[in-house]
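1. Sequence isn't available, so here's the structure alone:
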């Protein structure tokens, strides 16, 4: 990745690292590179509920319009909606202002191409080169060649209708708790599930600009677990701030993570002859997932962590289903990126059609103990070449042998190095991961 773009766009603390000036330059550079020279060009833009969204939106729109490109303003809307609407509107690109599951003071800008896929690395590098260079020589359209900002008032309605058309199901008789993470799905997720027939209890659905992802959503599911038990619901759904991932909770209040959701939906699609006998997962996926798929004669392909890498491997292997333990799951027959609401609808459909409890469906995958430590570091640079870190990893792998594994990787969006150990003995895994984490903190901190 470059100096600006990580695995999921440009991220940083709003107004400190991700400034209006940077947003303007990103908009101007992207507009210049992406515009159609032969006809009027538009970009669809959406955002989540962060307080900094309006500030960055104004700057980004100004930059795009200065390049002679129109901007269709979709307002607060989930990230996967922009991927879909970009295709629907035949726009040259889509842009989302969001930092996904991060805290409210962070924000981000991520782009989709005209097909609804995240931009290729090469194009991001060209945008970055312009942003970090001298932009004074870029074209400056005037008069009626300037871009305009256009309200996209029915954007949310278009996305809701799209979701409902993808799922041929009736959820009548189910009671479902939906955790909106005080984010972009607040007006979409509860409504879609309710209009498909379920009784919906919506929580964490009053965004105020600073409570997005705060002790709620897919990264903090305690309030959802409590609500599912309190209301005696059939299951619960936890979205993240921008709606591209989802974690579920069964009727007993137990977590059903992305790996288990993949297994449940994958086995269902396989049974219906709609899977193609293959899935894509990441190197972080639990060994239990691989064993569940292998038992069903489903081939498992692995990618690096990050939904852009999952998607890349899916396209490379012509695979329809792929995803991550975190709940980024891609149903490629429906959308071109991780879509939390779409995933939730598929999961609910399996529960409804099978007439089985979610806990029963989730039991088809047996989790291997997995320990994950996120080590905050000052620098992620060259950690792979550090002798002490490598020595600790090799020692951990030797202890686990064939009955487990150690995986260490740098986060693509945060100043973290993640240490994962997986095997049969959780206490042993904690000791191994903790030892490696302490060494990383000492060497890179």
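-> Good, I have the coordinates. Not measured: the values here are computed from a predicted model.

2. Mind listing residues that contact the longest helix belonging to the chain?
-> In the chain, with assignment by DSSP state H, the single longest helix is helix 426-444. With contacts defined as CB atoms under 8 Å, 6 or more residues apart in numbering, helix 426-444 is touched by 369-373, 375-380, 383, 386, 388-389, 392-393, 396, 399-400, 404, 406, 408, 417, 419-423. Glycine gets a C-beta too; all of them are placed from N, C-alpha and C.

3. Just the buried positions in that helix, please.
-> Buried residues in helix 426-444, counting neighbours by 16 or more other CB atoms under 10 Å, are found at 428-429, 432-433, 435-437, 439-440, 443-444.

4. So what's the model's average confidence on it?
-> On average, the pLDDT along helix 426-444 is 94.

5. Repeat that for stretch 49-57.
-> Per-residue scores along stretch 49-57 average to 98.

6. Centre of the chain to it, how far?
-> 19 Å (CA atoms, centre = their mean, to the nearest Å).

7. what's the span of it from first residue to last?
-> Stretch 49-57 has an end-to-end distance of 12 Å (criterion: CA to CA, to the nearest Å).

8. tell me which residues in it are buried?
-> Within stretch 49-57, the residues scored as buried using 16+ other CB under 10 Å are 49-53, 55-57.

9. next one: stretch 357-365
-> So, applying 16+ other CB under 10 Å, buried residues of stretch 357-365: 358, 361-362, 365.

10. Quick check: the gap between the closest residue to residue 199 other than its chain neighbours and residue 252.
-> Of all residues not flanking residue 199 in the chain, residue 175 sits nearest, at 4.6 Å (CB to CB, 6 or more residues apart in numbering). According to CB to CB, to the nearest Å, residue 175 stands 14 Å off from residue 252.

11. neighbour-wise, which of the two wins?
-> Neighbours were counted for residue 175 and for residue 252 using other CB atoms under 10 Å; residue 175 has more, 17 against 12.

12. so how far is residue 83 from the more buried one?
-> Distance from residue 175 to residue 83, by CB to CB: 30 Å.

13. May I ask which two of the buried residues of helix 426-444 are separated the most?
-> 428 and 444 (24.5 Å; CB to CB).

14. Which of the buried residues of stretch 49-57 fall in helices?
-> 53, 55-57.

15. now the residues you listed as CSV including distance to residue 272?
-> Shown next, in CSV, are those (distance: CB to CB, whole Å):
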residue, distance to residue 272
53, 40
55, 47
56, 43
57, 42
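
16. follow-up on the earlier one: can you put the buried residues of helix 426-444 in JSON lines and add distance to residue 23?
-> JSON lines is the format used below for the buried residues of helix 426-444 (distance: CB to CB, whole Å):
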{"residue": "428", "distance to residue 23": "47"}
{"residue": "429", "distance to residue 23": "42"}
{"residue": "432", "distance to residue 23": "43"}
{"residue": "433", "distance to residue 23": "38"}
{"residue": "435", "distance to residue 23": "42"}
{"residue": "436", "distance to residue 23": "38"}
{"residue": "437", "distance to residue 23": "35"}
{"residue": "439", "distance to residue 23": "38"}
{"residue": "440", "distance to residue 23": "33"}
{"residue": "443", "distance to residue 23": "35"}
{"residue": "444", "distance to residue 23": "30"}
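
17. Now do the contacts for residue 80.
-> 243-244, 335, 337-342.

18. Then residue 60?
-> By CB under 8 Å, 6+ apart, residue 60 lies in contact with 23-24, 26-27, 45, 95, 97, 109.

19. Out of the residues you listed, which is nearest to residue 351?
-> Nearest to residue 351 among the contacts of residue 60: residue 97, at 34.0 Å, using CB to CB.

20. I'd say that closest one and residue 109 touch.
-> Yes: assessed by CB atoms under 8 Å, residue 97 is found in contact with residue 109 at 5.8 Å.

21. Need the overlap of contacts for those two.
-> With CB under 8 Å, 6+ apart as the test, residue 97 and residue 109 both reach 56, 60.

22. Closest to the mean position in this structure, which residue would that be?
-> The chain has residue 244 as the residue nearest its centroid, 4.2 Å off, counting by CA atoms, centre = their mean.

23. Mind jotting down where the helices sit in the stretch 1-150 of the chain?
-> Assigned by DSSP state H, counting those that start in this stretch, the stretch 1-150 of the chain shows helices spanning 20-34, 53-66, 79-88, 121-132.

24. Might you report the residue contacts of residue 384?
-> residue 390.
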